[in-house]
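K.L.:
Test case, fold it:
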Amino acid sequence: MSTLGWAQAWAIARRDLHRQFRGLRLLLVCLFLGVGALAAIGSLTSAIRSELDSQGQVLLGGDFEVEVYQRALTEEENAFLGEYGELSQGLRMQAMASTEDAAAPIELKAVQNNWPLYGALTLIDGRSVGAPTGDDAWVAEGVADRLSLQVGDSFNLGRTPLTVAGIIDEEPDRLSEGFSLGQTVIVPYAIPEQAGLTLPGAMYETKTRLRFDGNFDPDTVEEAVAEAFPEAGLDIRTRDRASPGAERFVSRMGEFLTLVGLAALVIAGIGIGGGVSSYLDARRASIATLKILGATSKDIARIYTLQIGSAAVLGAVAGLLAGIMVTPLLAGALGSLLPVDNALVLDPGALMRAAAFGLLVALIFAAPPILRAREFPAMALMRSRVSPVAEGWRNAALPVAVGLAGIALLALVGSPTPGLSALFMGGALVMLGLLALLGRLIRWAAMKSPRPSNPIVRAALANLYRPGSATGALVTALGFGLAAFVLLAGVQTSLNGNIERSVPAIAPDYFVLDLPVDRVDEFTAMVEEAAPGSQINATPTLRGTVIAYGPEDNPSVVAEMEEVPEGAWGLRGERGLTYSTDVPQGNVLTRGEWWEDGYAGEPLVSIDEELANAAGLRIGDIITVNLLGVQKTARIANFRRLDWESLGFNYVFVFSPNTLADAPHNVAATVAFPSGSEPGTLLRDLARAFPSSSVIEVGPILSEARNILDQVALAILAAASVAVLAGIAVLLGAIAAARAARIYDTVILRVLGASRGQLLGLQFAEFGLLAVLLAGVALALGIGISWLIITQLFEFEWLPDWTEIFAVLGAGIGLVLVFAFAASLPVLRAKPAQTLRSL
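P.N.:
Numbering: from 1, shown residues only. Modelled structure (predicted):
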């Protein structure tokens with residue numbers, strides 16, 4: 001018997017496709033969602049990573065950067081770095097800018113004449129400029145608006161007058177500076193010292209940037225600097241990690257978005273399998289007729305492979321186009337957080353990966369029903385309504401194996417997170433297997449359970465295990481679909497909980513930095529006069545580097561460690577230090593004893609208990625810190641639990657006063673006004689009375705932080721919604737497929753006298769029973785995955801809103817019943833005689 005050629009097979013296949021892909025729309029929708037999600041995710045993350053890699057020098061402002069607190073680099077340190085190229089000194093600190101009528105907290109950025117070493121500063125008038133000169137300053141638009149300044153106007157930095165020479169539009173190294181507590185003002189390098197802002201004890205940070213004059217490897221230079229100055233407390237960044245915070249955010253977000261895309265594809269695959277099975281079942285008569293007319297099994301496979309393959313390619317292409325169009329919207333949403341343009345992004349590699357993932361998933365889930373239809377004889381297909389065709393995966397083993405191997409290859413090769421992708425795909429396969437096993441268990445339990453007396457419930461129970469039952473497909477579809485709802489609710493409510501916890505509703509109104517020790521009483525009197533009843537909390541503030549810790553006879557030297565213990569972040573780099581007579585407000589003593597008032601014995605220190613546990617510290621161990629070039633050693637007297645939820649002062653190291661009181665330092669303070677109190681001109685008055693101090697308004701900072709977190713949460717919600725949409729499509733497809741299989745049963749029951757209400761009750765009972773049984777599985781699956789995403793991927797605390805999660809799960813079950821009701825209406829309207837003639 002001859003076989004049809006591909007051209008002839010296509011001629012037959014095309015006749016069914018001209019009806020706007022009727023019957024294959026579920027396949028189109030599922031591939032559209034899955035491929036579109038992966039295309040957008042891959043293009044966006046690739047564009048951001050490419051920007052970070054290519055713009056590393058501009059973002060950092062050099063090839064190499066050395067940071068140190070409360071001092072400039074020494075001549076020896078500058079000479080060592082100068083051997084590698086051109087140096088540009090800089091200084092960062094909080095300060096106050098003021099006019100006669102207003103004051104504003106600012107982030108002061110003092111730079112030398114050769115700043116920036118890479119890139120250029122852009123002003124809103126279109127000029128590209130470098131460092132300001134003389135008494136000129138480049139001013140952020142927010143500062144100009146706050147102080148009502150225009151180009152040419154004057155303002156004061158402390159008691160030093162400056163002139164607005166331009167309004168900043170785009171700062172080349174802004175992203176590498178991190179989160180700021182005020183808008184930027186850029187001034188010449190000598191200005192802070194002239195304004196008296198860098199006196200001993202002042203809180204400032206110097207940043208020395210280096211432009212290589214040769215082909216130096218940044219990592220090699222970093223090792224050389226660390227070896228030459230092991231105890232200098234230098235923090236180093238290179239052009240390859242110009243913005244570690246942004247890179248970490250992109251990495252975490254990319255991993256999450258990749259998981260979302262893969263989850264959408266897995267859920268879509270279930271819909272593809274159900275949709276293809278339903279499509280071929282609806283064409284069983286056509287398949288049988290073709291076989292009777294002489295079509296071979298290979299002909300059937302070619303015809304329907306062409307049909308389904310055409311739909312799959314169309315869905316994938318539509319998904320790619322949607323992904324390309326959506327990418328600028330995502331870039332616009334994250335544009336204030338990351339260096340990416342909101343223009344169209346075409347990444348051929350990411351697009352090809354997304355399309356390959358989609359088509360391989362389609363192959364895995366579509367091959368079994370196609371090959372099953374190919375192998376059965378014509379008469380078996382004719383009788384499939386009353387004697388369902390047996391299912392089998394043996395013939396589909398090869399294409400399924402090829403598809404799985406292709407997905408594994410894509411997940412492991414070329415993926416930015418191969419381990420995560422492989423783990424997820426393996427977990428998805430395990431879950432598919434467990435849900436398939438659960439479907440068999442439900443069928444077995446339904447068959448073995450006692451027969452209920454209620455005929456509707458009895459019939460609904462029988463539908464779960466009768467020949468041709470769609471229980472297995474429904475369990476898989478409903479399990480993944482409902483789990484998607486729970487996953488979204490778990491992630492979103494936990495993110496909201498972290499936002500609420502990170503940005504407290506109750507916080508001080510002002511933070512004050514660099515308050516002179518001998519003027520605290522004067523400061524307190526001014527605040528009390530302006531806002532009687534204010535709560536003022538002042539604490540000494542210093543910065544130092546931990547250089548050794550542990551048992552006195554065998555301490556660990558930080559400079560000799562490749563990396564500090566996990567969770568012991570307080571041992572890395574410069575840290576805030578303080579001393580106190582009493583346990584700090586909001587802290588709880590957990591072990592050891594606090595020193596008495598007026599203590600003058602051996603220097604002591606109190607440690608955060610989480611840091612102590614991470615570093616393996618014990619009561620009686622020692623801590624040695626480098627403070628402005630002087631080493632101070634103290635013995636650990638106790639551990640404390642800090643109140644990180646407040647915006648008060650939380651220091652991981654609190655020393656006894658006799659340890660640090662003789663070091664040059666200033667005081668930091670918080671001010672909380674009484675409810676309803678208006679401070680009036682206090683901010684301006686403080687700026688005049690304390691020109692070297694910085695007053696930071698907490699309200700605007702909290703609003704900015706909340707906006708950033710809300711922006712991230714919205715992006716995550718939008719991405720996760722793709723999986724939910726795929727879940728809804730799968731639910732619709734599964735119920736629609738089950739409806740087609742029930743036409744015969746419904747017609748027979750109507751002929752035997754069943755009313756529409758009884759038939760409707762039968763549908764509700766069957767789907768309601770399945771949904772309730774699967775609610776627990778979906779809850780466990782969705783909560784487990786959302787917990788992993790929140791705690792392991794984003795490293796946030798697990799703070800779900802269980803009420804909302806159960807409400808969302810209930811809404812999902814309700815949605816299943818609504819879909820079941822909608823699917824029942826065409827069945828109930830079917831005329832028995834006409835339906836029986838078509839069987």
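
K.L.:
Parallel or antiparallel, which strands does the strand or helix carrying Glu107 pair with?
P.N.:
Per DSSP states H and E: Glu107 is located in strand 103-111. Using DSSP bridges, the strands paired with strand 103-111 in its sheet are strand 85-98 (antiparallel), strand 183-188 (parallel).

K.L.:
Mind listing what's buried along the helix or strand just after that strand?
P.N.:
Heading C-terminal from strand 103-111, the first helix or strand you meet, by DSSP H and E, is strand 121-123. Residues of strand 121-123 classed as buried by neighbour count (16 or more other Cβ atoms under 10 Å): Leu121, Thr122, Leu123. Heads up, the C-betas are built off the backbone N, CA and C, glycines and all.

K.L.:
Show me what strand 121-123 is packed against.
P.N.:
strand 128-129, strand 160-170 (3 or more Cβ pairs under 8 Å, 6 or more residues apart in numbering; DSSP states H and E).

K.L.:
what does the shortest one rub up against?
P.N.:
It stands for strand 128-129. Ala120, Leu121, Thr122, Leu123, Trp138, Gly166 (Cβ atoms under 8 Å, 6 or more residues apart in numbering).

K.L.:
what's the answer for the last one, then?
P.N.:
Residues outside strand 160-170 that contact it (Cβ under 8 Å, 6+ apart): 121-125, 127, 129, 132, 135-141, 144, 149-156, 184, 186-187, 191, 194-195.

K.L.:
quick one: the helices in the stretch 701-839 of the chain?
P.N.:
Secondary structure of the stretch 701-839 of the chain (DSSP state H, counting those that start in this stretch): helices located at 756-787, 802-829, 832-838.

K.L.:
Val512: which of those is closest?
P.N.:
helix 802-829 (39.7 Å; Cβ to Cβ).

K.L.:
Who are the packing partners of the closest one?
P.N.:
Looks like helix 802-829 contacts helix 471-502, helix 698-751, helix 756-787 (3+ Cβ pairs under 8 Å, 6+ apart).

K.L.:
For the first one, which residues meet the burial criterion?
P.N.:
Of the residues in helix 471-502, those scored as buried under the neighbour-count criterion (16+ other Cβ under 10 Å) are 471-499.

K.L.:
Name the stretch among the helices and strands packed on strand 121-123 that sits most buried.
P.N.:
strand 160-170 (a mean of 18; mean count of other Cβ atoms under 10 Å).

K.L.:
quick check: angle from that one to strand 183-188?
P.N.:
Here strand 160-170 runs at 120 degrees with respect to strand 183-188, directions being taken by axes from the mean of the first three to the mean of the last three Cα atoms, to 10 degrees.

K.L.:
What's the first helix or strand after strand 160-170?
P.N.:
With secondary structure assigned by DSSP H and E, strand 160-170 is succeeded by helix 174-177.

K.L.:
sorry, back to before: worst mean pLDDT among the helices and strands packed on helix 802-829?
P.N.:
Ranked by mean pLDDT, these bottom out at helix 698-751, with a mean of 66.

K.L.:
circling back to that earlier point, reformat the buried residues of strand 121-123 as JSON lines; add distance to Gly573 and pLDDT.
P.N.:
JSON lines is the format used below for the buried residues of strand 121-123 (distance: Cβ to Cβ, whole Å; pLDDT from 0 to 100):
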{"residue": "Leu121", "distance to Gly573": "28", "pLDDT": "89"}
{"residue": "Thr122", "distance to Gly573": "32", "pLDDT": "91"}
{"residue": "Leu123", "distance to Gly573": "34", "pLDDT": "92"}
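
K.L.:
Now those residues in TSV, please, with extra columns for distance to Pro230.
P.N.:
Shown next, in TSV, are the buried residues of strand 121-123 (distance: Cβ to Cβ, whole Å):
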residue	distance to Pro230
Leu121	36
Thr122	40
Leu123	42
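
K.L.:
and the closest residue to Val35 other than its chain neighbours, helix, strand or coil?
P.N.:
The shortest distance from Val35 to any residue other than its chain neighbours is 3.1 Å, reached at Gly319 (Cβ to Cβ, 6 or more residues apart in numbering). Counting by DSSP: H, G, I helix; E, B strand; the rest coil, the backbone at Gly319 sits in helix.

K.L.:
cool, and the one 4 residues further on?
P.N.:
Following three-state DSSP, the label given to Gly323 is helix.

K.L.:
related to what we said a few turns ago, who are the contact partners of the residue nearest to Val35?
P.N.:
Leu31, Phe32, Leu33, Gly34, Val35, Gly36, Ala37, Leu38, Ala39, Ala354, Ala355, Gly358.

K.L.:
out of those, who's nearest Gly433?
P.N.:
When the contacts of Gly319 are compared against Gly433 (criterion: Cβ to Cβ), the nearest one is Gly34, at 20.5 Å.

K.L.:
Can you give the distance from the helix or strand the closest one falls within to the centre of its chain?
P.N.:
Gly34 belongs to helix 25-54 when assigned by DSSP H and E. Offset of helix 25-54 from its chain centre (Cα atoms, centre = their mean, to the nearest Å): 16 Å.

K.L.:
okay, now Gly433: neighbour count?
P.N.:
10 (other Cβ atoms under 10 Å).

K.L.:
Just put the helices of the stretch 701-839 of the chain in JSON lines and tack on distance to Leu306.
P.N.:
Shown next, in JSON lines, are the helices of the stretch 701-839 of the chain (distance: least, Cβ to Cβ, whole Å):
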{"stretch": "helix 756-787", "distance to Leu306": "35"}
{"stretch": "helix 802-829", "distance to Leu306": "29"}
{"stretch": "helix 832-838", "distance to Leu306": "26"}
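
K.L.:
between the ones you listed, which gets nearest to Phe796?
P.N.:
helix 756-787 (10.6 Å).

K.L.:
who does the closest one touch, helix- and strand-wise?
P.N.:
helix 418-448, helix 455-463, helix 471-502, helix 698-751, helix 802-829.

K.L.:
what angle sits between that helix and helix 471-502?
P.N.:
50 degrees.

K.L.:
and Pro540, which of the strands paired with strand 103-111 is closest to it?
P.N.:
Here strand 85-98 is closest among these (Cβ to Cβ), at 17.1 Å.
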